[in-house]
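> sequence-free structure coming up:
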């Protein structure tokens, strides 16, 4: 769509963000599909029970644990890697926005964006158990 | 029921939820959690975890096209994300301490209010008339492609909008929804941001908000791979269809669809919480 240049938004940055979001979601979806296929082959005939909350085992709760789980080719670890990639997509988006605002020399919004980025990294790395 | 069938049914349900969620700017979570809890007897903690992941997928996929088409306002989104992410962390902390039945009732109440507000609002605000000093200071005003070319708008009442966004984030972290409803209402009605800009910017923010609380959920073991997989993929495909339709459909139709669906789910969730079948 042809569009007039908007002085308040940076079209270049919008395009980069758009590509990043698309790429991140696609990549994570592919990984989840792969993990899901293995999961179906191995566990498809079993009977699921999600009626009672037990919590996931410790190795599927942390970034490091998930990586270790994939290395031993567990389907659940692969799915969780896809989930991690998906969680990382908004984080990467925010990080990219920091760069974008830096380029525009818009330091107020650099600070705004850094605050959001800090909160995200803190929670995903397990800062709040 | 085998894992095959379970996965297939949840995948199909998630596809429909993603379609509707994207179409209304709510994210799939509003439909996913009740579907998993009421329809499949899944514990609300697993449901909330899977929903949060799906919400990130919906939001990111849809936001990708909205950003490209020039509806989303990145500055508004980024500024308000401070409020929503902080709120999301608080919500995730509260979720661990609250009984399932109480979460269910809160869920229903939020849906009920969202539905009511939507029915009540007939007049669509197409931006404030006068510039607001704080909004100007933060350079939140913007333009979007309207029926007669590029339309400009002035953002109003920034502090109240910011506070509401904190609340929206808290609900998101607690209930596993994108809180698109509260976000859209805060932007559309309080900050007087045009409806289409509100829904698309809300979609844009939802992913970041959900990621903040999903991080907490991941570390607590609320994200189950077997459940998350069909929910995430189903919602993603549905959302891709929905995001194509939003650009063409009218705001009024969206509101009616939104109201009807949320009303039904609200009643079901409150009943479910009260009857204690959790």
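Ah, there it is. Because the structure is a prediction, the values reported are computed rather than measured.

> can the helix or strand harbouring residue B:242 be said to contact chain A?
Assigned by DSSP states H and E, residue B:242 belongs to helix B:225-246. Yes. Helix B:225-246 reaches chain A (Cβ under 8 Å from any Cβ of the partner chain) through B:225-230, B:232-233, B:236. Heads up, the C-betas are built off the backbone N, CA and C, glycines and all.

> most neighbours of all the residues you listed, which one?
Within those, neighbour counts (other Cβ atoms under 10 Å in any protein chain shown) peak at residue B:232, which reaches 31 neighbours.

> now do the contacts for it.
For residue B:232, the residues meeting the contact criterion (Cβ atoms under 8 Å, 6 or more residues apart in numbering or on different chains) are A:29, A:32, A:82-83, A:86, B:14, B:50, B:53-54, B:57.

> now render these as CSV, adding pLDDT and secondary structure.
Converted to CSV, the contacts of residue B:232 look like this (pLDDT from 0 to 100; DSSP: H, G, I helix; E, B strand; the rest coil):
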residue, pLDDT, secondary structure
A:29, 94, helix
A:32, 93, helix
A:82, 93, helix
A:83, 92, helix
A:86, 93, helix
B:14, 92, helix
B:50, 93, helix
B:53, 92, helix
B:54, 89, helix
B:57, 86, helix
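
> now, of those, which are buried?
A:29, A:32, A:82-83, A:86, B:14, B:50, B:53-54, B:57 (16 or more other Cβ atoms under 10 Å in any protein chain shown).

> dump those to JSON lines, plus distance to residue A:57.
Putting the buried ones among the contacts of residue B:232 into JSON lines (distance: Cβ to Cβ, whole Å) gives the following:
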{"residue": "A:29", "distance to residue A:57": "24"}
{"residue": "A:32", "distance to residue A:57": "19"}
{"residue": "A:82", "distance to residue A:57": "18"}
{"residue": "A:83", "distance to residue A:57": "15"}
{"residue": "A:86", "distance to residue A:57": "20"}
{"residue": "B:14", "distance to residue A:57": "24"}
{"residue": "B:50", "distance to residue A:57": "17"}
{"residue": "B:53", "distance to residue A:57": "18"}
{"residue": "B:54", "distance to residue A:57": "22"}
{"residue": "B:57", "distance to residue A:57": "24"}
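
> which one of these sits closest to residue B:173?
Checking those against residue B:173 by Cβ to Cβ gives residue B:53 as the nearest, at 13.5 Å.

> how near is the closest one to residue B:18?
Distance from residue B:53 to residue B:18, counting by Cβ to Cβ, to the nearest Å: 12 Å.

> got it, and residue A:101?
Counting by Cβ to Cβ, the gap from residue A:101 to residue B:18 is 31 Å.

> in a markdown table, list the residues of helix B:225-246 next to chain A along with distance to residue B:174 and pLDDT.
Shown next, in a markdown table, are those (distance: Cβ to Cβ, whole Å; pLDDT from 0 to 100):
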| residue | distance to residue B:174 | pLDDT |
| --- | --- | --- |
| B:225 | 23 | 90 |
| B:226 | 24 | 90 |
| B:227 | 19 | 92 |
| B:228 | 19 | 93 |
| B:229 | 24 | 94 |
| B:230 | 24 | 95 |
| B:232 | 20 | 93 |
| B:233 | 25 | 93 |
| B:236 | 24 | 87 |
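
> picking up where we left off before, what angle separates whatever helix or strand comes next after the helix holding residue B:242 from helix B:225-246?
Sequence-wise, the next helix or strand downstream of helix B:225-246 (DSSP H and E) is helix B:251-275. Counting by axes from the mean of the first three to the mean of the last three Cα atoms, to 10 degrees, helix B:251-275 points 150 degrees away from the direction of helix B:225-246.

> show me where chain A dips below the pLDDT cut-off.
For chain A, the stretches flagged by pLDDT under 70 are A:1-11, A:49, A:51-55, A:59, A:68-73, A:129.

> just the closest of the contacts of residue B:232 to residue B:141, please.
Proximity of the contacts of residue B:232 to residue B:141 (Cβ to Cβ) peaks at residue B:57, which lies at 30.8 Å.

> the chain: helices as residue ranges?
Going with chain A. A:11-43, A:63-71, A:75-103, A:107-124 (DSSP state H).

> not quite, I wanted chain B
Under DSSP H, chain B gives helices at B:3-24, B:29-34, B:40, B:44-69, B:74-97, B:100-120, B:133-137, B:158-175, B:180-185, B:195-220, B:225-246, B:251-275.

> how far does the second one sit from the chain's center?
In other words, helix B:29-34. 10 Å (Cα atoms, centre = their mean, to the nearest Å).

> other residues contacting that helix?
B:13-14, B:16-17, B:20-21, B:44, B:47-48, B:50-52, B:54-55, B:107, B:111, B:175-178, B:180-181, B:210, B:231, B:235, B:261-262, B:265, B:268-269.

> more neighbours: residue A:101 and residue B:18, which one.
For residue A:101 versus residue B:18, neighbours defined as other Cβ under 10 Å are more numerous around residue B:18 (34 against 23).

> for residue A:57, grab phi and psi.
In terms of degrees, to the nearest 10, the main-chain angles of residue A:57 are phi -60, psi 160.

> look up how far residue B:206 lies from it.
Distance from residue A:57 to residue B:206, by Cβ to Cβ: 29 Å.

> was I right to think residue B:268 contacts residue B:108?
Yes. With contact defined as Cβ atoms under 8 Å, residue B:268 counts as touching residue B:108 (7.4 Å).

> what about those two, which has more around it?
Neighbour totals were compared for residue B:268 and residue B:108, and residue B:108 leads with 23 against 18 (other Cβ under 10 Å).

> pLDDT score assigned to the more buried one?
pLDDT for residue B:108: 90.

> give me every residue that touches it.
B:265-273.

> picking that back up, and which of the residues of helix B:225-246 next to chain A is nearest to residue A:77?
Taking Cβ to Cβ as the measure, residue A:77 lies nearest residue B:225 of these, at 8.0 Å.

> my guess is the closest one contacts residue A:81, does it?
No. Taking contacts as Cβ under 8 Å, residue B:225 lies outside contact range of residue A:81: 9.6 Å.

> tell me which parts of the stretch 151-278 of chain B are close to chain A?
Within reach of chain A by Cβ under 8 Å from any Cβ, the stretch 151-278 of chain B has these residues: B:207-208, B:210-216, B:218-230, B:232-233, B:236.
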